[in-house]
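Colleague: have a look; sequence and predicted model below, questions after that.
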Amino acid sequence: MMSDRPDEDPADDLLDDLPPLESALDDDEAVGVDDDLEPLLGTLGTIDEAEQVGLDDEEAGIDFDPVTLLGLDDQAGGEEGESWVIDNEVAGDDIGTDGLDPRDTAGDEYGWTEDNEAGPLDDWSEDFNIDGSSGESEKVLTDDAGEVGVEDVVSLGGGRGEDDVDLPPLLGVTDDVDDDGMETLADDIDIAGDELIDGDELTFEEEARLSGAALPEPFPKARLEVTHLGPSGAMVYDVARVAGGWVAVGEELYRVAGEADAVTPVESPGLGDVRPTTVCPLDSEGKRLAVGTRLSGVLVSEDAGKSFSPRNNWSQGRSDPEVAFFVRAERHADGARLWGRTRSGALFRSEDYGESWSSPLLLAPVAALADDAKGGVVVLSVPAKGPAQTARSDDGGHAWTMRSVPGLRRSTESETEYHIAADGPVLVVASDGHRGAQVSDDDGQSWTEVGSLPTPGAVCLVDEGRDQASEGPTLYVALFFQGADRGVVLRRRGGQETVVLDVRAERDRRGIEVAGDPEGDNRVFAIDGRVEAGYTILMVATGAGLFRLRVRHS
């Protein structure tokens, strides 16, 4: 806290009063001001002799005009009376998707993209001739106005016929959506903006948590083993379990077999060039793999990742198809169902490993997607208006059960990331633009905000068994403190939180080489875990590579 200033300055008793400026200089000694200048400054009003300091007509120019000198004239951009502009761009304009109409860009990219990545669509439904306000799509949901616990079950068909196109929106999405109501959702691995939280002033405790200055105690060292698996100098964006090990993706595809102490790169020509985002095995051994990419949609391998082929029939019929794609696999008795979403939130499903795709399954944009180990798939939708919503389907997207999440809404930051995890009736949703994770133990009928987990990122639920400390799965959650450039993973069980991984501390202790990205080297991108004989084996994909954590339960 700042102390109050004294009413009187002690220096007043030590220094004599100084003479005023006008008495210190004679009229002829005014500094740097010519007699010819004052008439040229008529628009600025009359300048007293005492104020004539540092303005010389030889410095300012004969026809000195402060408006022209500061670049505020009409030639600099804008009409008379407008605010200052630079290169014809009005100061204060947002650079991004808000307020932009792709029809005005003549097909050019808008928003921030890199390399050859296509700009996301403003509203993907327009490219499928879906218009929720035209009356052609019957609205069969009732608006619960965000009421907690309201359940609606909607049958959405699921074939490839025209019936798939006439889809109802999720709860709380009205027909009068703004032009920017389907603004671009964040790429799962994009870096969040500087301003993570808008709104009320933070308390001291909240500010300490958000800066990383106040963290829980470390998990007991005697019960924790941390191994850095590599690769050196490269990021890993996603990781998934397979029989006898793990598969991960960064600039390359990697395998981890059993208790190996390092990743094994898989030579996949050209994979790094299309910038992978996510990976999921489509069989138990991981011989068949799907990889989402930023530049080539979805790729599928039939030979354990040695070669890939594009499976992008989902983009047919789109006037300007997107490229970025994120994938998840839902395991079932007959194999696996492949799910994917685009960067702007269109959701698709494939029953034949990407050979063919359904039409978009939900009209509201999907921000995050997860498979439930106990069956089914869950998604998180964050519409432009109203609260966020979860949607669960146990039959391949033919019918959905939707619930509102009143504590989570769309962030004003266009690069905000959203995450969801499910373990039966336990759900957790998170956003790095929100102060705390939202947790439900009754499949979304009620929610509790965990304020001690500020701006949460990747989340993972692991069923570590029931004991006196907890009657539900253990939550592992990633936090990133941008100001301190610090990424950590916390373990939350029975209401108690501990730190199981501090990426920067591990880097410093082990001398780990990184890619040199000041915004990403210490970030946690994905977490996956499983239980083995009293331990949780946790795989953490980070900007410093892949970490394996062995957490002993007791």
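Modeller: Here it is on my side, so go on. Residues are numbered from 1 along each chain as shown.
Colleague: dihedrals phi and psi, V274?
Modeller: Dihedral pair for V274: phi -100, psi 10, per degrees, to the nearest 10.
Colleague: touching, it and G292? I think so.
Modeller: No. V274 is beyond contact range of G292, at 9.9 Å (criterion: Cβ atoms under 8 Å). To be clear about C-beta, it is placed using only N, CA and C from the backbone, and glycine gets the same treatment.
Colleague: distance of W246 relative to P265?
Modeller: Here the criterion is Cβ to Cβ, to the nearest Å. By it, W246 lies 14 Å from P265.
Colleague: so between those two, which is more surrounded?
Modeller: W246 (26 against 16; other Cβ atoms under 10 Å).
Colleague: all helices for the stretch 151-300 of the chain, in order.
Modeller: 204-210 (DSSP state H, counting those that start in this stretch).
Colleague: again with the chain
Modeller: Ranges of helices within the chain are 21-24, 57-60, 66-69, 204-210, 503-510, based on DSSP state H.
Colleague: higher neighbour count, V274 and G292?
Modeller: When neighbours are counted by other Cβ under 10 Å, G292 comes out ahead of the other of V274 and G292, with 27 against 20.
Colleague: any idea of the pLDDT on the more buried one?
Modeller: With respect to pLDDT, G292 scores 97.
Colleague: how about S414?
Modeller: S414 carries a pLDDT value of 64.
Colleague: can you pull the buried residues of the lengthiest strand in the chain?
Modeller: Ranked by residue count under DSSP state E, the longest strand found in the chain is strand 399-409. Neighbour-count burial for strand 399-409, counted by 16 or more other Cβ atoms under 10 Å, picks out W400, T401, M402, R403, S404, V405, P406, G407, L408, R409.
Colleague: which parts of stretch 220-227 are buried?
Modeller: L224, V226.
Colleague: what does that stretch rub up against?
Modeller: Residues outside stretch 220-227 that contact it (Cβ atoms under 8 Å, 6 or more residues apart in numbering) are D261, T498, V500, L501, E506, F547, R548, L549, R550, V551, R552, S554.
Colleague: surely the fifth one is in contact with F547?
Modeller: Yes. At 7.1 Å, E506 counts as touching F547 under the criterion of Cβ under 8 Å.
Colleague: the more surrounded of those two?
Modeller: F547 (25 against 18).
Colleague: give me the neighbour count for the closest residue to the more buried one other than its chain neighbours.
Modeller: Leaving aside its chain neighbours, F547 sits nearest to V540 (4.5 Å; criterion: Cβ to Cβ, 6 or more residues apart in numbering). V540 sits with 29 neighbouring residues when counted by other Cβ under 10 Å.
Colleague: so V540 sits against L546, correct?
Modeller: Yes. At 7.1 Å, V540 and L546 qualify as touching, with contact defined as Cβ under 8 Å.
Colleague: so for the two, which residues contact both of them?
Modeller: Common neighbours of V540 and L546 (Cβ under 8 Å, 6+ apart) are V239.
Colleague: excluding chain neighbours, what is closest to E252?
Modeller: Nearest one to E252, counting by Cβ to Cβ, 6+ apart, is P265 at 5.1 Å.
Colleague: which ones are touching the one you found?
Modeller: P231, E252, L253, Y254.
Colleague: next, format those as CSV and append pLDDT, distance to L453 and neighbour count.
Modeller: Converted to CSV, those look like this (pLDDT from 0 to 100; distance: Cβ to Cβ, whole Å; neighbours: other Cβ atoms under 10 Å):
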residue, pLDDT, distance to L453, neighbour count
P231, 97, 29, 19
E252, 96, 32, 18
L253, 98, 31, 25
Y254, 98, 29, 26
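Colleague: can you list which of these are found in strands?
Modeller: Per DSSP E, these map to strands at L253, Y254.
Colleague: and the contacts of P265, which two are furthest apart?
Modeller: P231 and L253 (11.0 Å; Cβ to Cβ).
Colleague: low-confidence ranges in the stretch 401-550 of the chain?
Modeller: 414, 467-470 (pLDDT under 70).
Colleague: which stretches of it form strands?
Modeller: According to DSSP state E, counting those that start in this stretch, the stretch 401-550 of the chain carries its strands in the segments 418-423, 426-431, 437-440, 448-450, 456-462, 474-481, 486-493, 496-502, 524-532, 535-542, 545-552.
Colleague: as CSV, these with distance to R341 would be great.
Modeller: Formatted as CSV, those follow (distance: least, Cβ to Cβ, whole Å):
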stretch, distance to R341
strand 418-423, 11
strand 426-431, 15
strand 437-440, 20
strand 448-450, 25
strand 456-462, 16
strand 474-481, 20
strand 486-493, 25
strand 496-502, 28
strand 524-532, 15
strand 535-542, 19
strand 545-552, 24
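Colleague: give me the pLDDT for E38.
Modeller: At E38, pLDDT is 44.
Colleague: beta partners for D238?
Modeller: V249 (DSSP bridges).
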